[in-house]
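*Asks:* A structural model of the following input is requested.
(one chain, ligands or ions: 1)
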Amino acid sequence: MATDSPLIIALDYPSLDAALCMADQLEPSRCRVKVGKELFTRSGPAVLEALHGRGFEVFLDLKFHDIPNTVASAVQAAAEQGVWMVNVHASGGRRMMEAAAKRLQDHHLSTHLIAVTVLTSMQTEDLNETGVAATPQEQVMRLASLTQQSGLSGVVCSAQESAQIKALCGAEFLKVTPGIRPSFAAANDQQRIMTPSEAMRAGSTHLVVGRPVTQAEDPMAALAAIEAELAVV
Ligand code: C5P
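*Replies:* Model (predicted):
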C-alpha cells in the first residue's frame, strides 16, 4: 500500500512486540516507518517482514559504513528484503557510495539509497579531531554534493540544511529530515527543531517523526494533527 505522505514514523523500540504494537496503531496509507539500529539488532529481518506484511513501506536506518563491496552487499540484502529506503555514511567515500548504487542498479532494485552527511552530534572540534578541517555546515554541503555525484537519491539532513542542499542538489534530490516537532509537541532532547510545515517549506521532502507520535496518547490523532499542519503549508 504505497503512500505519498512525507511522514516517516521512527519506531525506536527495543523489541519486535513493542514496535508492532505501535505500528498497529498507525495506518500504512498515511505514513511510512523507520527501523533503526537497536530494533533491527534485536529483532532482525523479522521486523521487516512483519511491517511489510502490514502494508508499511520501511526506511531501514542502519547507516552502513565499510569497504565498498561490503556496503554494496549489505545494501543489496536490505533491498532484496523489500525495504523502501536504506542509508549509508557519505564519509565512506565516493567508491563506497558508487558501489552501493551500482549494485542496486545491476540487480534492478528500486530501493531509495540515501546518505548521512555529518552526524548532528558532531561539532567543529569533533570534526577537526578526526582530521576534517571544516565546519559541520561546510562538510555537510561537500558530502551532499559527493552523495549526488555518486548516484545516490538523497541525504538525511536537518531542516536548517534543506534549503541550501536544495539550492546545491535540486528539488528532486531527497532531503529526509529528523528533528521535527509539530507545534503541539515537546522538544525532548532535540536541539534545533522545526515544525513539519517549516521543514517542508525549507525544502525537506520527507519528515522523520518519532516521539511526538509514538509517545502520544493517541498516535493516529497526533499524526492527523501533523497532517493538518502540513495542509496549510
Ligand atoms: O523522537 P524523535 O522525533 O526525536 O526521533 C527522531 C528520529 O530521528 C530518531 O530515530 C533519531 O535517531 C533520528 N535522528 C535524529 N537526529 C539526527 C539523525 C537521526 O533525531 N540527526
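*Asks:* Please name every helix or strand in contact with the top strand by length along the chain.
*Replies:* Using DSSP state E to define each element, the chain has its longest strand at strand 58-64. Contacts defined by 3 or more Cβ pairs under 8 Å, 6 or more residues apart in numbering; DSSP states H and E place strand 58-64 against strand 32-35, helix 37-43, helix 45-53, helix 68-80, strand 85-89. Bear in mind the C-beta positions are built from the backbone N, C-alpha and C, glycine included.
*Asks:* angle of that strand against helix 45-53?
*Replies:* 150 degrees (axes from the mean of the first three to the mean of the last three Cα atoms, to 10 degrees).
*Asks:* what is the orientation angle of strand 58-64 with strand 85-89?
*Replies:* Strand 58-64 and strand 85-89 are oriented at 10 degrees to each other (the same axes, to 10 degrees).
*Asks:* closest one to the ligand among the helices and strands packed on strand 58-64?
*Replies:* strand 32-35 (6.1 Å; Cβ to the nearest ligand atom).
*Asks:* Report all helices and strands that that closest one contacts.
*Replies:* strand 7-10, helix 45-53, strand 58-64.
*Asks:* check whether whatever helix or strand Leu168 lives in contacts the ligand.
*Replies:* According to DSSP states H and E, Leu168 maps onto helix 159-169. No: using Cβ under 6 Å from any ligand atom, helix 159-169 never reaches the ligand; the gap is at least 10.3 Å.
*Asks:* Buried residues, that helix. List them.
*Replies:* For helix 159-169, the neighbour count (16 or more other Cβ atoms under 10 Å) marks 159-162, 164-166, 169 as buried.
*Asks:* That's all I had, so thanks and see you.
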